[in-house]
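Q: have a look at this prediction, sequence included:
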Amino acid sequence: MYTPLVQAQTQPGMINFGYGYPRPPKDINLIARRALRQDDADIFFPHEMPQGQLTLCRQIAQMLVHQGLEVFPEDLIITNGSQQGLSLAMNYYVQPGDWVIVEAPTYYGAISILENLGAKIIGIPMTGEGMNLDLLEQYLHSHRPKLIYTISTFHNPTGLTTTQNHRQQLLALAEKYECPILEDNAYEGINFDAVPAPIKALDKNNLVTYLSTFSKTLMPGLRVGYMVVTGKHYQAIIERKLLHDLHTSSISQTIVSEYLASGHYRRHLSRLRTDNLQSRNTMLQALERYFPEEIRWTVPTGGLFLWVQLPDDIPIGTIRKEAFAQNVYLVCGSAFFPDKQGYRAMRLTFCLPPEEIEQGISIVGKLLKKYISKGCVDTERLIVKHRISNYQPLVHSS
C-alpha cells in the first residue's frame, strides 16, 4: 500500500486523500544550514551510539513532560522513523505463532509487520471510546496474547482519541493478564483540544513501550522517530537496533535537535495546528455539502485523518477506480483490518489545501450519490457473502 501512496503523491494534479504527512516547514532550509554549519562538520564523521544523540534525547524527554509523560533521557531510543520502532518492538515481544491484539481497524503498517512475523492477529472492534474492552478481556483470558498494539491518540485510521478512563482500564487489563502494550502515538502534538496523557504515563510496571515520530509533525524524509523503553526491555531493544542500522542518521538527528533548541519547532507546531484545524473544518463542511445522507464520519480533535463509514452495498473498489480517473486518490478501509474483511469505509486525510479538499470531496460525493441512487449491490461482496465480517461500525452519526 505504501508504494502506490507515494507514487500518487508524485503525479501532477493528483488530489491524494491517502497521504498522511504534514505541510513542509517554511524554515527548513534555514534550520538545516544552521545545524550543518561548516565548523561542526567533524561531528558527523564518526558513528553515533545506537540509542541516539544524548542532546536530542534530553530535548525529547523535556518535550514529553509537556504531554504528561515524565521520562529520563536514558529511557529513549532514537529510531529511523516510528516504523523502525514498531519493527523493533514487535520483533522483541512476538514470535511466530504468537497471538497479538490490535484495534480493528488499525494502522496497516503494523499489520504488515505482524503478518511478516507470522503472528496470529486478533482484531478487537473499535467503539466510539476506543477498543472494546469487554471483548479485549475475553481474548486476554482465552488466548493469552503476547502484545496489545494500540494507537491511543488520534487513532489511525479513525482519528479517535481514547478517554483517560479507557486508558486506565486498558492498562489495568494488561497488568491483570501480564500482557505488554505497544502504544503508538505518532500524532502527538498536533491536537486542537487538550488530550489525556499517554498510557505510558500511567505505567508503573514497565509494561508499556511508547513510540512516536517527527515524520507527522516535521518532515517524513528526515526519518527520526523515538521509543520510550523502561526496565529490562531497554538493552534487548538496543541490541536489535544495532542489527538494523547501528544508529539513526547523525545529520537528521542534528537537524531535529536544532529545531527543538531554537524554538522553531514549537512555533511550527502552532502553525500546523492552526492550518490543520482549518483544513479539518473545510473537509467537514465539504462532507456535509457533497456526501449523501447515508454516509457517516468521525470528527477528530487533532491528527491528520478522519474515517468515513459507507453503506454495505457501496462498490468501493469501483468508486476508487473512477475517482482515480478524475485525479483523486482514495484508500479503502479494508486495508486497515487484519483480515482485509472489515466494513465499507474510507480513510481521508485533511492535511491538504482547502481548494483541493473542496474539489476532491465534490468528485467523490458525486460518485457516491451515483451508486446509491442506482441501488447498486457490490458483486465482490456477494462473492464473499459467506465470510461477512464480524467487525461492527464505530461511527453512528455525522
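A: Perfect, thanks for sending it.

Q: tell me what the longest strand along the chain is packed against?
A: In the chain, assigned by DSSP state E, the strand with the most residues is strand 120-127. Helices and strands touching strand 120-127, by 3 or more C-beta pairs under 8 Å, 6 or more residues apart in numbering; DSSP states H and E, are strand 99-104, helix 108-117, helix 133-143. Placement of C-beta: from N, CA and C, glycine included.

Q: now the first one: mean pLDDT?
A: Just to be clear, that refers to strand 99-104. For strand 99-104, mean pLDDT rounds to 97.

Q: before we move on, what about the longest one?
A: Predicted confidence along helix 133-143 averages 97 (mean pLDDT).

Q: which element follows that helix toward the C-terminus?
A: Once the chain leaves helix 133-143, the next helix or strand it forms, by DSSP states H and E, is strand 147-150.

Q: which positions within that next one qualify as buried?
A: Neighbour-count burial for strand 147-150 flags Leu147, Ile148, Tyr149, Thr150 (criterion: 16 or more other C-beta atoms under 10 Å).

Q: what is that strand packed up against?
A: helix 81-93, strand 99-104, helix 164-176, strand 181-184.

Q: as CSV, those with distance to Gly365 and mean neighbour count would be great.
A: Formatted as CSV, the helices and strands packed on strand 147-150 follow (distance: least, C-beta to C-beta, whole Å; neighbours: other C-beta atoms under 10 Å):
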stretch, distance to Gly365, mean neighbour count
helix 81-93, 33, 23
strand 99-104, 27, 25
helix 164-176, 33, 17
strand 181-184, 32, 24
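
Q: tabulate these (a markdown table), appending distance to Leu367.
A: Shown next, in a markdown table, are the helices and strands packed on strand 147-150 (distance: least, C-beta to C-beta, whole Å):
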| stretch | distance to Leu367 |
| --- | --- |
| helix 81-93 | 32 |
| strand 99-104 | 26 |
| helix 164-176 | 36 |
| strand 181-184 | 32 |
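
Q: Ala261 is nearest to which of these?
A: Nearest to Ala261 among those is helix 81-93; the distance by C-beta to C-beta comes to 21.4 Å.

Q: how about the secondary structure of the nearest residue to Gln51 once chain neighbours are set aside?
A: Residue nearest to Gln51 in three dimensions, not counting chain neighbours: Ile77, with 4.9 Å by C-beta to C-beta, 6 or more residues apart in numbering. Judged by DSSP: H, G, I helix; E, B strand; the rest coil, the three-state class of Ile77 is strand.

Q: return the set of residues that bridge with Ile77.
A: Ile77 forms beta bridges with Met227, as assigned by DSSP bridges.

Q: any idea how far it lies from Phe214?
A: 14 Å (C-beta to C-beta, to the nearest Å).

Q: ok, now Met346?
A: 27 Å.

Q: what is the neighbour count of Ser262?
A: Ser262 is flanked by 15 other residues according to other C-beta atoms under 10 Å.

Q: from memory it sits against Leu30, does it?
A: No - the criterion here is C-beta atoms under 8 Å, and Ser262 misses it with Leu30 at 9.3 Å.

Q: wouldn't Met14 be in contact with Gln326 here?
A: No - at 10.0 Å, Met14 does not count as touching Gln326 under the criterion of C-beta under 8 Å.

Q: so which of the two has more stuff around it?
A: The neighbour comparison of Met14 against Gln326 (other C-beta under 10 Å) goes to Met14, with 17 against 13.

Q: how close does that one get to Phe324?
A: Taken as C-beta to C-beta, the span from Met14 to Phe324 is 9 Å.

Q: please apply the same query to Thr230.
A: Thr230 is 45 Å from Phe324, by C-beta to C-beta.

Q: residue boundaries of the helices in this protein?
A: For the chain, applying DSSP state H gives helices covering 2-9, 28-35, 54-65, 81-93, 108-117, 133-143, 164-176, 233-245, 250-262, 264-290, 316-325, 354-373, 379-383.

Q: so which of those helices gets nearest Tyr21?
A: Evaluated over the helices of the chain, closeness to Tyr21 peaks at helix 2-9, with 8.5 Å, by C-beta to C-beta.
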